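Undergrad: sequence first, then the predicted structure, then my questions.
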Amino acid sequence: MKSKNWMLKAGLLATIGALAAYSSVAMAAKTLVYCSEGSPEGFNSQFFTTSTTADAAGVPMFNRLVEMEIGTTKIVPALAESWEVSADGLSYTFKLRKGVKFHSNAKFKPSRNLNADDIVFSYNRMADLNHPFHKVSPGQTYAYYEDMGMGKIVDKLEKVDDMTVRFKLKHPEAPFLANLTMDFMSVHSAEYADKMMAAGTAETIDKEVIGTGAFQFVSYQKDAIIRYKAFDQYWEGRPKIDNLIYAITPDASVRYAKLKAGECHIMALPKPADIELMKKDPNIKLLTQEGLNIGYISFNVEKKPFDSKLVRQALNMAVDKASILKSVYAGAGQLAKNPIPPTMWSYNDKIKDYAYDSAKAKALLSKAGYPNGMEIELWYLPVSRPYNPDGKRMAELIQADWAKIGVKTKLVTYEWTEYKKRSKTGEQPAMMFGWSGDNGDPDNFFATILGCDAVKGGGNTARWCNKDFEDLIQKAKATPKQAERSKFYEKAQEITHEEAPWITLAHSVRFAPVRKEVIGFKMDSTAHSYFKKVDLAK
């Protein structure tokens, strides 16, 4: 208890110190503080796939051609004011919005508004291996572009005129428009890039980012605080708050303490055990929403013993998922049997989950050639996620379950950025992970975290590439009618159940605790947090 209290006090003092460094002028203005759960991997969301990074980069500072209406999966105009799709589904033409301004910083003052060159630059930088900006940030790859297999979908992006661009596709792609709403499709300034290249500091564009979003970057103190300010010339209208601060606070108990103390206005990812207390607090509004998510354990099928389907099935049977739902999620969710949540169209409810049966699991393990069990590693999440509030506790429960069938499990974790980096190259054996949907389309789950292209991109942490599964999801993407697409996805779920590249654990309910003085905050259908329409009561 003393140790926990010390940790709480240390976390509070660290944030107080960081906030005190902010100028008195800024604090006198309307300043909203968001207690976020972790540090971003960077500020160019073209490189990363986590919602932590998207929340700190793509959401506040950038826009896409089209976006989703906050709280829904309805696609609405953004940087493109209108679009047309050809009858054959191979051509998407976008008319750009006039008068959209870019941010500025000490190194760059834009001389023009957004135009087609910025759209072409932002996309081709990812698509063209020989593009002058493709490799300016060493060690970074375009994870989402690769996971989505965009190079196999888009033939080319062309500039029609200064305010019109056209995507030419290689084949019809039903979820294409939804894919364009995602953070990796954020639009950057071509003019800024050219200026930094001329100055010999091209990598600056990925560190001190320039976008068109509601907030512009001010500073970042690693693992402590991110500062933004309202963009006065934002095309949708200046935000109502003047300053936005992300107080990076990995421990959920510390986030809650800060919220109660009024040191942050909104907190990310509360502990399920704290929900009842929050409901009773007159100073807190607790928002809730069914999660468009999945928490899972992935087995790296490129490594023994996980190359054996029997082993994967045995480890599935050995996990008491009901106990995990009760202990880790405090019942705030539902057990998962498929890679997509039951709220999503094409969910196959006919599939029967692996029953918890240690004796049967042990027999199956023996059949697989491991009568005396085995020793394995399980990587567990070092941070709270929308799909998993407590990775360590979950890992301990799974470790105990597997011990009952003779599997000795070493629990391993890394700092979040390192965790992601190592998994991208396939270093992991068994790994705890999850996914929060970005655009409401099943393809965003199936292709992005189980498809063959996602092995290279790193989103497919099981590194599982199954031809029959891949054929089905590719046929689904090329089929325009939802009812017909659904049949392909339902069959694909039968394959994931049989092949068991994952243990599907739970779909969590999401909570957002908000102080009563916050006005206009809405939970999004994704795991993102938007502040551009939020205000604070005086």
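TA: That came through, no problem.

Undergrad: chain center to the lengthiest strand in the chain, what's the gap?
TA: Scanning the chain for the strand with the most residues, using DSSP state E, yields strand 502-515. Strand 502-515 sits 13 Å away from the centroid of its parent chain (C-alpha atoms, centre = their mean, to the nearest Å).

Undergrad: do the same with stretch 253-263
TA: 24 Å.

Undergrad: then it to CSV, C-alphas only?
TA: Once non-C-alpha atoms are left out, stretch 253-263 reads as follows in CSV (Å, rounded to 0.1, in the frame of the first residue of the first chain):
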residue,chain,number,x,y,z
SER,A,253,-4.7,4.6,-10.8
VAL,A,254,-2.6,7.7,-11.2
ARG,A,255,-4.8,8.9,-14.1
TYR,A,256,-7.8,8.5,-11.9
ALA,A,257,-6.2,10.4,-9.0
LYS,A,258,-5.4,13.2,-11.4
LEU,A,259,-8.9,13.3,-12.7
LYS,A,260,-10.4,13.4,-9.2
ALA,A,261,-7.9,16.2,-8.2
GLY,A,262,-8.9,18.2,-11.3
GLU,A,263,-5.4,18.0,-12.8
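
Undergrad: so for the helix or strand encompassing Glu470, mean pLDDT?
TA: Element membership of Glu470 [criterion: DSSP states H and E] is helix 467-477. For helix 467-477, mean pLDDT rounds to 97.

Undergrad: compute the first-to-last residue distance for stretch 459-471.
TA: Start-to-end span of stretch 459-471 (C-alpha to C-alpha, to the nearest Å) is 19 Å.

Undergrad: what sits up against that stretch?
TA: 49, 143-144, 147, 298-302, 423, 426, 428, 431, 433, 448-452, 454-455, 492, 495-496, 499, 501-502 (C-beta atoms under 8 Å, 6 or more residues apart in numbering). Using the backbone N, CA and C atoms, a C-beta is placed for each residue, glycine as well.

Undergrad: and what of stretch 333-345?
TA: For stretch 333-345, the surrounding residues in contact (C-beta under 8 Å, 6+ apart) are 290-296, 321-322, 325, 346-349, 351-353, 437, 440, 442, 445-446, 449-450, 482, 486, 489, 493, 496-497, 502, 504-509.

Undergrad: show me the residues you listed that map onto helices.
TA: Counting by DSSP state H, the part of the contacts of stretch 333-345 found in helices is 321-322, 325, 445-446, 449-450, 482, 486, 489, 493, 496-497.

Undergrad: of those, buried ones?
TA: Lys321, Leu325, Phe445, Phe446, Ile449, Leu450, Ser486, Tyr489, Gln493, Thr496, His497 (16 or more other C-beta atoms under 10 Å).

Undergrad: give me the nearest residue to Thr461, chain neighbours excluded.
TA: Ser298 (4.3 Å; C-beta to C-beta, 6 or more residues apart in numbering).

Undergrad: what angle sits between whichever helix or strand that neighbour is part of and helix 443-450?
TA: Here Ser298 sits within strand 293-299, counting by DSSP H and E. With axes from the mean of the first three to the mean of the last three C-alpha atoms, to 10 degrees as the basis, strand 293-299 and helix 443-450 are set at 20 degrees to each other.

Undergrad: next, the buried residues of the following helix or strand past strand 293-299.
TA: Using DSSP H and E, the helix or strand that follows strand 293-299 in sequence is helix 309-317. For helix 309-317, the neighbour count (16+ other C-beta under 10 Å) marks Lys309, Leu310, Val311, Arg312, Gln313, Ala314, Leu315, Asn316, Met317 as buried.

Undergrad: could these go into a markdown table alongside distance to Lys538?
TA: Compiled in a markdown table, the buried residues of helix 309-317 are given as follows (distance: C-beta to C-beta, whole Å):
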| residue | distance to Lys538 |
| --- | --- |
| Lys309 | 62 |
| Leu310 | 64 |
| Val311 | 61 |
| Arg312 | 57 |
| Gln313 | 60 |
| Ala314 | 61 |
| Leu315 | 56 |
| Asn316 | 55 |
| Met317 | 58 |
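
Undergrad: report the two of those residues separated the most.
TA: Maximum pairwise distance among those (C-beta to C-beta): 12.7 Å, between Lys309 and Met317.

Undergrad: flag the shaky bits of this structure, pLDDT-wise.
TA: 1-28 (pLDDT under 70).
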